[in-house]
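Novice: I would like to see how this sequence folds:
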Amino acid sequence: MEKLTVIGDHTAAGGGVGPGNPYGASVPFKTPSEYFLNALGGDSSKIEHWDDIRAAVGWDSEDNDLHVYPHTHAVSAMLSMGCEWKCKWCPTFKHFQGTVVKGDPEKILVRYEGKSVHFMDENFMHNDLDVVLPILKRLNIKWLCMTMYPNLVKALDKYGEDYLAECGLVCVEMGLENVSLMMKCKGDLNVTKFSPYYLNLTCMPGETKETIQENAAWMKPRSLKDPIHYNNGLWYAPGQYYFTYGDVRDDGRFVDATRARVRPTYIPNSLLNQDFKIDSLSQANYYSQLVYGEKMYPEKLTGNIGEFIGTDHKKAMWMVAGIRCGAIT
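Specialist: Predicted structure coming up:
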């Protein structure tokens with residue numbers, strides 16, 4: 001088996017701060033491209049040695065569960081880095097520019113026999129599943145992966161959900177993004193043997209109260225069962241937030257969060273220009289506290305969203321959570 005496969009032309013490109021953001025927003029939480037650049041030093045051959053490297057660089061506490069109970073403990077691993085998709089807000093695209101590098105699954109997976117594994121591949125199912133799945137089954141590995149909806153549909157058509165579950169699949173993440181502005185998941189999977197985990201993206205350009213509510217409505221019958229975390233995969237959870245990654249934007253406002261993507265750093269004018277009405281303050285606070293640990297007690301129950309938020313990312317999070325759960329209209 002070939003040790004390393006490179007697909008496409010590898011072109012490095014930096015991430016960074018959206019122009020015009022006076023707070024210098026960054027992306028401190030670890031993304032797959034950061035694992036590659038900072039932990040592996042950009043050396044593709046080191047993918048096969050991640051199990052040794054992750055503890056040495058102090059990242060052994062990252063990606064350490066499978067998102068659903070009772071799989072509360074796992075270790076991180078990767079078979080590949082990069083992604084064919086070219087989403088502008090994604091740091092993987094900023095670095096890999098649509099290319100993919102792959103390691104040798106035989107050499108990598110033997111290190112994880114009998115363990116629960118959180119695969120960090122941006123699109124796990126672009127690996128050769130004819131090779132990978134039997135190894136996972138033989139080694140009795142329970143696993144979570146991220147992939148794109150079309151790739152999962154193809155895998156289900158080819159292997160069936162029973163076989164994927166027999167090979168240890170517990171939970172699969174997919175980028176839903178936004179059902180009104182950029183919907184990547186085109187239909188229902190109707191699977192019961194593993195958990196589909198739909199990743200949401202909030203405050204994309206063009207976001208409004210209505211698009212936030214439409215995302216929540218689509219998610220309501222598809223929420224993750226027995227979740228370990230409450231900031232994504234659930235109908236009331238805003239998920240991650242749009243980040244500009246250096247793109248010039250003049251259609252919104254930057255706010256003061258520095259934990260980009262898990263906290264909002266940019267709110268589009270389409271949402272800022274709308275008015276709001278708080279129909280249930282207690283409900284807004286319940287869901288905001290559940291997701292973020294934050295409560296708010298506005299002086300007025302009505303007003304303009306942009307005026308209420310100002311540049312305070314906590315107010316933005318609270319507002320989005322309130323709209324998402326139907327407490328704010």
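
Novice: Tell me, domain by domain, which residues of the chain belong where.
Specialist: Following automatic domain parsing, the chain resolves into domains at 5-257, 274-329.

Novice: In a markdown table: those domains, plus distance to Ile267 and mean pLDDT.
Specialist: For glycine as for every other residue, the C-beta is placed from the backbone atoms N, C-alpha and C. Output for these, formatted as a markdown table (distance: least, CB to CB, whole Å; pLDDT from 0 to 100):
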| stretch | distance to Ile267 | mean pLDDT |
| --- | --- | --- |
| domain 5-257 | 5 | 83 |
| domain 274-329 | 6 | 97 |
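
Novice: would a markdown table of these with mean neighbour count be doable?
Specialist: Putting the domains of the chain into a markdown table (neighbours: other CB atoms under 10 Å) gives the following:
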| stretch | mean neighbour count |
| --- | --- |
| domain 5-257 | 18 |
| domain 274-329 | 18 |
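
Novice: which residues of this protein fall in strands?
Specialist: 5-7, 75-77, 80-82, 100-102, 116-119, 142-147, 169-178, 182-183, 195-202, 240-241, 252-254, 266-268, 275-277, 302-304 (DSSP state E).

Novice: Would you check how far apart the residue nearest to Thr211 when sequence neighbours are not counted and Tyr266 are?
Specialist: Among residues not flanking Thr211 along the chain, Ser180 sits closest, at 4.1 Å (CB to CB, 6 or more residues apart in numbering). To Tyr266, Ser180 is 18 Å away according to CB to CB, to the nearest Å.

Novice: residue boundaries of the helices in the chain?
Specialist: 32-34, 50-56, 91-96, 105-109, 129-138, 149-166, 209-219, 269-272, 281-292, 305-309, 313-324 (DSSP state H).

Novice: Export those to TSV and append columns for distance to Leu40.
Specialist: Converted to TSV, the helices of the chain look like this (distance: least, CB to CB, whole Å):
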stretch	distance to Leu40
helix 32-34	10
helix 50-56	7
helix 91-96	12
helix 105-109	13
helix 129-138	20
helix 149-166	24
helix 209-219	34
helix 269-272	38
helix 281-292	32
helix 305-309	38
helix 313-324	31
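
Novice: which stretch among those comes nearest Ala257?
Specialist: Across these, Ala257 has its closest neighbour in helix 313-324 (3.6 Å, CB to CB).

Novice: bridging residues for the one residue sitting closest to the centre of the chain?
Specialist: Residue closest to the average C-alpha location in the chain (CA atoms, centre = their mean): Leu199, at 5.3 Å. Judged by DSSP bridges, the bridge partners of Leu199 are Gly175.

Novice: got the contact list for it?
Specialist: Met146, Glu173, Met174, Gly175, Leu176, Glu177, Asn232, Gly233, Gly239, Gln240 (CB atoms under 8 Å, 6 or more residues apart in numbering).

Novice: The first one and Asn38: what is the separation?
Specialist: This points to Met146. 19 Å.

Novice: Likewise for the second one?
Specialist: Distance of Glu173 to Asn38, given as CB to CB: 22 Å.
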